[in-house]
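Peer 1: Build me a model from this:
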Amino acid sequence: MTKTSMRAIDALEEAQRIAFAPFVFQAVVSLRKLGVFDFIFKHRRKGGVSIEDISNELGITDYGIGVLLEIAESSKIVCQNEAGNYELTTIGYYLNFNETVNVNVNFTNEVCYKGLFHLDEAITTGKPSGLKELGDWPTIYEGLSKLEPQQQKAWFDFDHHYSDDIFSDALTILFEKERKSIFDIGANTGKFTINCCKYNDQVKITMVDLPQQLNIAKKNVAQEGFEDRVTTHGIDWLSENPQLPKGADTYWLCQFLDCFSIAEIEKILRTCTESMNENSELIIIETYTDRQRFDNTKFILEATSLYFTALANGNSKMYKAEEVLGAAKVAGLSLKEDRALGEYHTMFTFSKS
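Peer 2: Residues are numbered from 1 along each chain as shown. A predicted model of the protein is given here:
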């Protein structure tokens, strides 16, 4: 790829914006939390609002509102009209009201921000060096149930936002065939398991995850009244020799493999292959960086890779499709079907080679 042609003055401006990007981000977080964006939007049809209007309404000094709006204006988040009053730009509107942006901002601020300071250490050591900002665990997955409520909410909101929208289509595809027994690998909070039980009243599901995570999932399943059809299997995929029981006709891995290195993915898939019979299917659903229609989605995934590096485990990322397909081949799986799913996802269906 050739270097992008850009005037020196424009390149310098972009470089300075990157240098001060954390300042802009925290200004946005403050403008959201303090209700400034909401107040400006509320008065959008009244010719905008002055700093004094905002200060009087929210009980914040003119100085405080002023420094936030100055950097927001320079960042094209707000603008001043001819009367000198402030209005939201389209960027400002999205920062306050777009669901995906909202999830990303909260995840970045509550979960990732402090930990990313240790990114260089994580890169050089291969360990999630930033995780110490959240707690003392080998990976973030052991600590999910122990995060502070605001952190936990931001983490699960982020995780579910990029998976929940595909459940309906995924279930329709999944149950085009008869499914008697499903292993929900990486069951998380049990959301997919619950949706499966609601969709099909005969299927039996085994949730597979870390024991501490399964405690949360089991409670959620019990609250929905499906405990008679759902069992659990605790497993640590990073242990030397993880084992799965045999007997499932379907192995479901949705947004799970991006939590592991390629070598670990190969081990996981080999373990699944050893458990599968000749008629079993293994289904992988992921958001691959090389299968995104829009550049902004690719950008989100590549940024998320740095979360995995600095905080989650130190050695995983959002992968290209070919990387996961290569690991599946090494593990003894044959690709049967490759189809797009929703806005971001790809669904691979494998059989045992």
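Peer 1: Name the residues that touch the helix or strand residue 263 falls within?
Peer 2: Here residue 263 is covered by helix 262-275, with elements defined by DSSP states H and E. Residues outside helix 262-275 that contact it (CB atoms under 8 Å, 6 or more residues apart in numbering): 183, 185, 237-238, 242-246, 248, 251, 253, 257, 260, 282, 315-316, 319, 323-324, 326-328, 330-333, 352-353. From N, CA and C alone the C-beta is placed, and that goes for glycine too.
Peer 1: Pass me the low-pLDDT residue ranges in this protein, would you?
Peer 2: The model of the chain has pLDDT under 70 over residues 1-4.
Peer 1: And it, split by domain according to the record?
Peer 2: Domains of the chain are assigned by automatic domain parsing as 8-97, 159-352.
Peer 1: Buried deepest among these, which one?
Peer 2: Among these, ranked by average contacts under mean count of other CB atoms under 10 Å, first place goes to domain 159-352 (a mean of 18).
Peer 1: Endpoints of it, how far apart?
Peer 2: Chord length of domain 159-352, first to last residue, is 29 Å (CA to CA, to the nearest Å).
Peer 1: go on, stretch 299-313?
Peer 2: One end of stretch 299-313 to the other measures 20 Å (CA to CA).
Peer 1: what separates that stretch from the chain centre, distance-wise?
Peer 2: Remark: stretch 299-313 is offset 9 Å from the chain centroid, using CA atoms, centre = their mean, to the nearest Å.
Peer 1: what does stretch 81-94 give?
Peer 2: Counting by CA atoms, centre = their mean, stretch 81-94 is centred 30 Å from the centre of its parent chain.
Peer 1: Give me the contacts around that stretch.
Peer 2: Residues contacting stretch 81-94 (CB under 8 Å, 6+ apart): 37, 40-41, 44, 47-51, 53-54, 69, 72-73, 75-80, 96, 101.
Peer 1: can you do 7 Å?
Peer 2: Taking contacts as CB atoms under 7 Å, 6 or more residues apart in numbering, the residues outside stretch 81-94 that touch it are 37, 40-41, 44, 47-50, 69, 76-80, 101.
Peer 1: related to what we said a few turns ago, residue 139: which of the domains of the chain is closest?
Peer 2: If you check each of the domains of the chain against residue 139 by CB to CB, domain 159-352 wins as the nearest, at 4.4 Å.
Peer 1: Among the domains of the chain, which comes closest to residue 152?
Peer 2: Across these, closest to residue 152 is domain 159-352 (CB to CB), at 10.0 Å.
Peer 1: Which secondary structure state does residue 335 sit in?
Peer 2: Put simply, residue 335 is strand when judged by DSSP: H, G, I helix; E, B strand; the rest coil.
Peer 1: From residue 266, how far out is it?
Peer 2: Plainly put, residue 335 is 15 Å away from residue 266 if you go by CB to CB, to the nearest Å.
Peer 1: Verify the stated contact: residue 39 with residue 54.
Peer 2: Yes: at 5.8 Å, residue 39 counts as touching residue 54 under the criterion of CB atoms under 7 Å.
Peer 1: now residue 215: how far from residue 268?
Peer 2: Shown here: residue 215 relative to residue 268, a distance of 22 Å by CB to CB.
Peer 1: picking that back up, keep only those of the contacts of helix 262-275 that are in strands.
Peer 2: 183, 185, 251, 253, 282, 333, 352 (DSSP state E).
Peer 1: May I ask which two of the residues you listed are separated the most?
Peer 2: Maximum distance among those (CB to CB): 15.6 Å, for 185 and 352.
Peer 1: what's the neighbour count on the closest residue to residue 130 other than its chain neighbours?
Peer 2: The shortest distance from residue 130 to any non-neighbouring residue, by CB to CB, 6 or more residues apart in numbering, is to residue 115 (2.7 Å). Residue neighbour count, defined by other CB atoms under 10 Å, stands at 23 for residue 115.
Peer 1: Does residue 115 touch residue 131 like I think?
Peer 2: Yes: in terms of CB under 7 Å, residue 115 counts as a neighbour of residue 131; the distance is 6.3 Å.
Peer 1: Spit out the residues that contact those two alike.
Peer 2: Jointly contacting residue 115 and residue 131 under the rule CB under 7 Å, 6+ apart are residue 311.
Peer 1: on that earlier part again, for the helix holding residue 263, what is the distance to the chain centroid?
Peer 2: The chain centre lies 23 Å from the centre of helix 262-275; the measure is CA atoms, centre = their mean.
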